[in-house]
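1. I would like to see how this sequence folds:
(3 chains)
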Amino acid sequence: MTDQEQPKTELESSTPLEQPGSTVTQVRTYKAKGRIAGMSIAVLAIWAALYIVASAIPALPVPGMAGMITLNAIMTAISGMILGPAAAIANAAGGIVSMILFPYGFSAGPLGFLTVTMGGLVAGLFMANKWVPAAIAEILIIGSWFVNPQSWQTGMWMVPLPYSAIALLVIVIKPVRDWVRNAIITQNKKTMWLAVFVMCMIGHAAEFLTTNTMVNWMFNLTWQYWVPTLPYWIMVDTVVILASTIVGVGVLVGLKKARLPLFPTTLEK
Amino acid sequence: MFSVSLKSRNSPLQKLDGRTKLIFLAVIFILVLLFTDLLYITALLALVLAAWFIAKLPTQPLKEMLQFFVWIAVIILVVQVFFYPGTTNLVHISKPVPAIGFSGYLTLEGILFGLAMVLRLVVIMIVAPLMVMTTPLPELMLALVKLKIPYKFAFIMTTALSLLPSIQNRSAIIQQAQLCRGISYDSGGKFITKLKASVSLLIPLILGAFRDSQTLEVAMNSRAFGAPIKRTFLLESRFTPVDILVIAGTFTLLTVGVMLRIRGFGVY
Amino acid sequence: MPEPVVIQCREVSFLYPNGVQAIHNISLSIYRGDYIAFVGQNGSGKTTLVKHFNGLLKPSTGSVTVFGEETRDKKVSYLSRKVGYVFQNPDDMLFSSNVADEIAYGPRMLKVDPELVEAKVESILQELDLKNLRDTHPFALSLGDRQRLAVACALSLDPEVFVFDEPTTGQDFFGSQSIMGLIDELHQKGKTVIIITHDMPIVAEHAQRVIVMNKGEIALEGSPQEVFSQVEKLQSLSLKAPQVTLLARALGESSRTILHIPEMVDWLQARFPVTIKSGEELPHV
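-> This is a model prediction of the structure:
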């Protein structure tokens, strides 16, 4: 959104409504509520549709997890950066529908959409510079892992370390936080890649730790499963974050060049 | 790869209201997570399978889904069978290995618990498709709205659904265009190739869709999206006596389940 | 001596997975240096047929050979070096961060020697007049330039045959002129050109061979003169010859088919001999 003439959150318009059989013309004024958290509903609906399509495209088969990693993992990781906090809504909508249509993409059962909602929420709040709610959400995610008594078994405290704990640090430490946000908002050619990587890490970490917590509650997987497979999961997650970084940078730069509305550019002013 | 879609048109389940089925789904999900006893979970599975057959659904998707989840099922089973702290020793395997928490025996409890977890997975994975295969998506969306999901959220879901064919089509065209530029999606799962293919698909797909979003926004505004009026729906849904019966049954089931659980039944 | 055949279709039929038969028993030879236009209503099977030429679709029955090789067991990435395909919407092809990288992408994917890629990119930038834009982001280009870039991407794989899917759709007059000029140039350099279009004046002006498709079959085939002379037959296929052609017929020209304005002017001047000096208004005939 580049100019002030564009409708922001409110659009005033008056609609004359003819009452049948009367000569009185009633004029109603309403505010079009076509936005959620600053993002247009049209954009969110399109994101949800993209999300569903991406859920149908397998990216990595994942032994040891129901389902597989589809391209929607990349969509979740970059959603917050592009849509802001409204990403949570768009991801949830896309998640619910794609879960219904292609159930193999979700390992957390009927509540699987919550994982992608969290991914969009934490990264989106961070991008909107609402670091306190972002930190609270991240702490809740990490905390919910430890609510399950099972997570106190040997070595299971290591699971949230990569990358949720790192994400929490990035959210809380002001200089790091500002650096990441600035690099993305200004699209600094040199530092943008690292910043987008960090952003994608925040988004993806929130998603997968929520998934892990839910899977753990449902299927009672013990440390004998988690600890040996941890290196493997770190590798998988790193790959997803790297892929998301490449896509994320491409999309951010493209949106800016094509002068399309996106969250970081609305922050520029 | 499979996707679930409407498969059953004339069955008692199809005639139920979308809300009834959503409530059923939620209750089954809660109950299956409440219990860990194989007997109770088997009973729930039997209930879901009975619904599957009452709905006259084909068994093919069931098989496909089970094949798909066979890996996680095996892992769950192995982890529980070997590491569940059971007391009734059945088979002696080796000396105890305390470092990995293995007692040296396969226990009765471990096996029962492992099977229970696997069946829990099966119930969780087939209960949602059961609903989808008997309910047309617009009805499902209507049910969500009627259950007081915010209208904006429902709007995002329904709009996404209606945009789906065009975006799917576009995604197919982009994949073809990238093939013409020398990408081969089929080159034997080479990791870097897959990565490049995803990048070259997602970037034009997302950017192209965002370009279209402005048109959609204009269309929405010109049709008075957000006008403060009470919404009516083209499709109407009403509870029939059968719905009320099923909902009553479902809630009874939930109450009984919760009571049993509170009294300590159904768990190890 | 006729030119060698580059693409040969033998009794090609294609069924989409949903059971729709898009093309039906088509046999067709395309010769080197051809300039072919495929026309027909939406859904007549034009795009389905041309997507067989580089293996994007494989025939359900029958065979397609490209430079003597069956497409059935060849990858698209391999066939793209022989038959380049430019999609209707350039945005479906572009995703790199600058023009030069975008052009180099294909050859890099096919593991061409980096130095050769560099040289290739330079020569294409020069050829398509994109040199000043080499570091520009593809999304910052105008539609016309994006389309040139899409052509450049196809060109980078050095194909002999080019397929253009509706190259002028959505373009204004000058945009169409510019892209058609580029296509003509490729043809003059000896490339075989295949275009799909709904724009009859473009067909009349540029193509040397016209193939009219209807319901998955070839309904008419021949030079533009031959095809556009069959006004009634075209009408039955919901197509219309160019307006000049119809006008000439209405004015009583029946010995030949007039295809474009310059021809029309010549004919008018021969028929109604008036000398027009420049700047003078046309006398009322």
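2. all contacts plus neighbour counts: C-alpha atoms, from now on.
-> OK.
3. A:Ser244 and B:Ser94, how far apart?
-> 46 Å (Cα to Cα, to the nearest Å).
4. where does the chain have low pLDDT?
-> Picked chain A for this. The model of chain A has pLDDT under 70 over residues A:1-34, A:60-68, A:103-108, A:261-269.
5. the chain in question should be chain C.
-> C:1-2, C:274-285.
6. rerun that using 50 as the cut-off
-> Scanning chain C with the threshold set as pLDDT under 50 gives C:285.
7. tell me where the stretch 51-200 of chain A has helices.
-> A:72-83, A:87-101, A:113-127, A:131-147, A:166-172, A:174-185, A:192-219 (DSSP state H, counting those that start in this stretch).
8. got a pLDDT number for the closest residue to chain C within chain B?
-> Closest to chain C within chain B is B:Gly182: 4.2 Å, counting by Cα to the nearest Cα. We have a pLDDT of 81 for B:Gly182.
9. and it, which of the three is it?
-> State at B:Gly182, reduced to three classes by DSSP: H, G, I helix; E, B strand; the rest coil: coil.
10. quick check, it in contact with C:Val76.
-> Yes. If you go by Cα atoms under 8 Å, B:Gly182 and C:Val76 touch, sitting 7.4 Å apart.
11. tell me if B:Ile41 really is in a helix.
-> Yes. Under three-state DSSP, B:Ile41 falls within a helix.
12. residues contacting it?
-> By Cα atoms under 8 Å, 6 or more residues apart in numbering or on different chains, B:Ile41 lies in contact with B:32, B:35, B:116, B:119-120.
13. quick one: neighbours of C:Lys74, just the number.
-> Using other Cα atoms under 10 Å in any protein chain shown, C:Lys74 has 14 other residues around it.
14. for it, phi and psi?
-> phi -110, psi 150 (degrees, to the nearest 10).
15. just put the helices of the stretch 51-200 of chain A in JSON lines and tack on mean neighbour count and distance to C:Leu234.
-> Below are the helices of the stretch 51-200 of chain A laid out as JSON lines (neighbours: other Cα atoms under 10 Å in any protein chain shown; distance: least, Cα to Cα, whole Å):
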{"stretch": "helix A:72-83", "mean neighbour count": "30", "distance to C:Leu234": "48"}
{"stretch": "helix A:87-101", "mean neighbour count": "28", "distance to C:Leu234": "45"}
{"stretch": "helix A:113-127", "mean neighbour count": "30", "distance to C:Leu234": "54"}
{"stretch": "helix A:131-147", "mean neighbour count": "18", "distance to C:Leu234": "65"}
{"stretch": "helix A:166-172", "mean neighbour count": "21", "distance to C:Leu234": "66"}
{"stretch": "helix A:174-185", "mean neighbour count": "18", "distance to C:Leu234": "57"}
{"stretch": "helix A:192-219", "mean neighbour count": "25", "distance to C:Leu234": "56"}
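16. any idea how far A:Trp47 is from the nearest residue to A:Gly95 once chain neighbours are set aside?
-> Leaving aside its chain neighbours, A:Gly95 sits nearest to A:Phe113 (4.8 Å; criterion: Cα to Cα, 6 or more residues apart in numbering or on different chains). Distance of A:Phe113 to A:Trp47, given as Cα to Cα: 15 Å.
17. now B:Val267
-> 42 Å.
18. what do you get for A:Ile136?
-> Relative to A:Trp47, A:Ile136 is positioned 26 Å away (Cα to Cα).
19. so which of the contacts of B:Ile41 also contact chain A?
-> Contacts with chain A within the contacts of B:Ile41, counted by Cα under 8 Å from any Cα of the partner chain: B:Arg120.
20. looking at A:Ser244 and B:Ser94, which is more packed in?
-> Each of A:Ser244 and B:Ser94 has its neighbours counted (other Cα under 10 Å); A:Ser244 has more, 31 against 11.
21. ignoring the adjacent residues along the chain, who's closest to the more buried one?
-> Per Cα to Cα, 6+ apart, closest to A:Ser244 is A:Ile74, 4.9 Å.
22. over to B:Val123?
-> B:Leu45 (5.7 Å).
23. again, but for C:Ser80
-> B:Cys180 (5.4 Å).
24. residue contacts, that neighbour?
-> C:54, C:76-77, C:80, C:84-85, C:154.
25. ok so, going back, what residues are up against the residue nearest to A:Gly95?
-> Contact analysis of A:Phe113 by Cα under 8 Å, 6+ apart lists A:91-92, A:95-96, A:99.
26. before I go, just wanted to say thanks for your time.
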